[in-house]
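Trainee: Generate a structure from the sequence data that follows.
(one chain, ligands or ions: 1)
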Amino acid sequence: MSDLRNAGKYYWHYLKRYWRGFIVSMVLIAFSTWCIVVAPTYLGRAVEQLTTYLQQWSAPATRGQASLTPFNHTLIIYILLYVGDASTIFISSLILARVTAHSTGTMRVGLFRKLQRMKVQYFDTHSDGDVLARFTSDLDNIFNAMNQALLEILLAVAQFVGLLIVMFNQNATMAWVTMASTPLALLIAALVMRKAGVAVNQQQDDIGKLNGYINEQITGQKVLITNGLQQDSLKGFAGYNAKVRQSALTGQIWSGILNPLMQGMSLLNTAIVIFFGSWFALNGSLSTGAALALVVVFVNYAQQYYQPIMSLTSLYSMIQLAITGARRVDEVRNQPEETNPAQGHEMPAIQNGLKIDDVHFSYLPGKEILHGVSIDVHRGEMVALVGPTGSGKTTVMNLMNRFYDVDQGAITLDGTDIRQFDLQSLRANVGIVLQEPQLFTGTIADNIRYGDPQAGMDRVIDAAKQANIHDFITSLPAGYDTRVSDEQSVFSAGQKQLMSIARTILTNPRLLILDEATSNVDTVTEARIQAAMDNVIQGRTSFVIAHRLKTILNADKIVVLRNGQVIEQGNHQALLAEDGFYAELYRNQMVFD
Ligand SMILES: Nc1ncnc2c1ncn2[C@@H]1O[C@H](COP(=O)(O)OP(=O)(O)OP(=O)(O)O)[C@@H](O)[C@H]1O
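Mentor: Purely as a prediction, here's the structure:
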């Protein structure tokens, strides 16, 4: 029920801006409903007029009075009512199709904009497949339901209400007779729909798991092949697929059973109306023509009565999928956003330095990762963070450009807390070279000028030269115009890393953070990456997260992290002299190198 309420709120949020279209549609739908529910009364009248005509025509005394004109007039009105019904439905379906296309377009844009504002935490804690599914299958389910079901739902509700009004207006006793089977129908519908609802939810769940599995198997394809696990992968897939097949089948059976059941109820209802209608007609004071007309009219109503219920039940699985889709998309809409100070100022050039001051931080409540980390960096200094895996090096980096915010303590730049800077300005001035380089669709030049799309070719080339990748780029047939798309895998890990270093050099950041690449690159590329890093570090305040100690021997300061605490700091010589954890780490690595 709360899913339904939330889905209602969600749809209302997007549909309310199209209220004019809705009002026009509702007026048209009301008119079409009026046509469709009034039409049977004209049918009844036509039957009555035809009966009178036949009675008058068959008796010689009244044959002269017999006229088909009233019957013809009624028939024309009856036909016009059906034409009116069809044409107004057509127009309102066009209006609603426009509303649907616009509102689902707005939903998609809204979701994408939201993704840009969301905290990094969301992406760290949700799989790519899951986020993607919200953009694809969930939004598709919403679109399909709105496209096909919106008009049907509005029509069904209007027809049902209109029918009740007209039936009671015509003959209250017969109206009650027509409605007599409703409680039984509702009971059956509620029972079946509950079963179908459970099955549809299960189906969505199973599809989510199957997608997650496929996603994982595709991303891990190489690991799979090298370990010869293709057969196991197929077996795993078959298991997930069987579950989807089973739950989809159960869902379809339960959803599919509703419509025939309601058809049956409609037939039963018609029989009840014919039986009681004839009985009332025979025992009442009505003329034969009027009695016959009443039965004809109510048989027509009895058939119409279950139409709205039947059309709603036939849409049931689609509506259920749209409700689930709305819940999942709305979950994203309600995610917390990054906090930008109301009057944040521009991040200034660094005068003295950056201070990480007694910082405590946890990703999850109650599970502290950093326990009072303090690091000082002076302007132009290069600080290296070293430590065993999981010691918190990347976490420190995550705090410096506010991917996450500290729980306690502060990170200050020349005495100003970095949370007081405008977030855009902070990010523009803190350059990061990530361990996993990322290239985007476009040309190599586009990729290098990603952080400053206005940059001219001279700056692009200059950055590429500093990153030691210019020669490689110019050796390609299309040079800087080489397209990076699906074929981006043609670039080696090292080449991608150099391109992403060029991208950072081009933005000329005031503070630089380098998460040293650990990917296996050959020694020549490694030397190139090292030279590129030296270029970019030159004269800049920088942090290097180092995995291979030989790359940071010249650092002004080496900070050793262990279990989220700084256990040693100083330059290489000083730390060796201390003969502590760093010295041991260094000796161990030298053995391997
Ligand atoms: N998004 C996250 N949510 C919860 N815990 C996390 C998250 N990211 C990292 N952690 C945890 O924080 C701790 C520190 O991780 P971090 O990535 O900072 O280590 P690291 O020193 O950079 O390791 P490595 O050298 O392997 O890259 C680890 O115990 C890790 O499990």
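
Trainee: could I have stretch 92-107 exported to CSV, CA atoms only?
Mentor: Listed next in CSV are the C-alpha coordinates belonging to stretch 92-107 (Å, rounded to 0.1, in the frame of the first residue of the first chain):
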residue,chain,number,x,y,z
SER,A,92,-7.6,12.5,-25.5
SER,A,93,-5.3,9.6,-26.3
LEU,A,94,-3.2,12.0,-28.5
ILE,A,95,-3.1,14.5,-25.6
LEU,A,96,-2.1,11.9,-23.1
ALA,A,97,0.5,10.4,-25.4
ARG,A,98,2.1,13.9,-25.5
VAL,A,99,1.9,14.2,-21.7
THR,A,100,3.5,10.8,-21.3
ALA,A,101,6.3,11.4,-23.7
HIS,A,102,7.1,14.7,-22.1
SER,A,103,6.8,13.6,-18.5
THR,A,104,8.9,10.4,-19.0
GLY,A,105,11.5,12.5,-20.8
THR,A,106,11.5,14.9,-17.8
MET,A,107,11.8,11.9,-15.4
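
Trainee: Buried residues of that stretch, list them for me.
Mentor: 92-93, 95-96, 99-100, 103-104, 107 (16 or more other C-beta atoms under 10 Å). Bear in mind the C-beta positions are built from the backbone N, C-alpha and C, glycine included.

Trainee: can you check stretch 390-400 too?
Mentor: For stretch 390-400, using 16+ other C-beta under 10 Å, the buried residues are 391-400.

Trainee: Also near the ligand: which of those, exactly?
Mentor: Restricting the buried residues of stretch 390-400 to those near the ligand by C-beta under 6 Å from any ligand atom leaves 391-395.

Trainee: Any chance of a markdown table for those residues, columns secondary structure and pLDDT?
Mentor: Output for these, formatted as a markdown table (DSSP: H, G, I helix; E, B strand; the rest coil; pLDDT from 0 to 100):
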| residue | secondary structure | pLDDT |
| --- | --- | --- |
| Ser391 | coil | 91 |
| Gly392 | coil | 91 |
| Lys393 | helix | 91 |
| Thr394 | helix | 89 |
| Thr395 | helix | 92 |
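
Trainee: Tell me who's in contact with Val460.
Mentor: Residues in contact with Val460 (C-beta atoms under 8 Å, 6 or more residues apart in numbering) are 445, 448-449, 480, 502, 506.

Trainee: same question, Val430
Mentor: 347, 400-401, 509-513.

Trainee: If you tally nearby residues, what's the number for Trp343?
Mentor: Actually, residue 343 is Gln. It isn't Trp. When counting by other C-beta atoms under 10 Å, one arrives at 6 neighbours for Gln343.

Trainee: Pick out whichever of the ones next to the ligand among the buried residues of stretch 390-400 sits closest to Val490.
Mentor: Thr394 (28.6 Å; C-beta to C-beta).

Trainee: got a list of what the closest one touches?
Mentor: So Thr394 contacts 515, 545 (C-beta under 8 Å, 6+ apart).

Trainee: excluding its backbone neighbours, what's nearest the residue of the stretch 51-200 of the chain found nearest the ligand?
Mentor: The nearest approach of the stretch 51-200 of the chain to the ligand comes at Asp124, 3.6 Å away (C-beta to the nearest ligand atom). Closest residue in space to Asp124, ignoring its immediate chain neighbours: Tyr363 at 7.7 Å, by C-beta to C-beta, 6 or more residues apart in numbering.

Trainee: which helices and strands does the host helix or strand of that neighbour pack with?
Mentor: Secondary-structure assignment from DSSP states H and E places Tyr363 in strand 353-364. Counting contacts by 3 or more C-beta pairs under 8 Å, 6 or more residues apart in numbering; DSSP states H and E, strand 353-364 is packed against strand 367-378, helix 393-400, strand 408-413.

Trainee: what packs against the first one?
Mentor: In terms of contact count using 3+ C-beta pairs under 8 Å, 6+ apart, strand 367-378 is assigned the packing partners strand 353-364, helix 393-400, strand 408-413, strand 541-545, strand 557-562, strand 565-570.

Trainee: Alright, that wraps it up for me.
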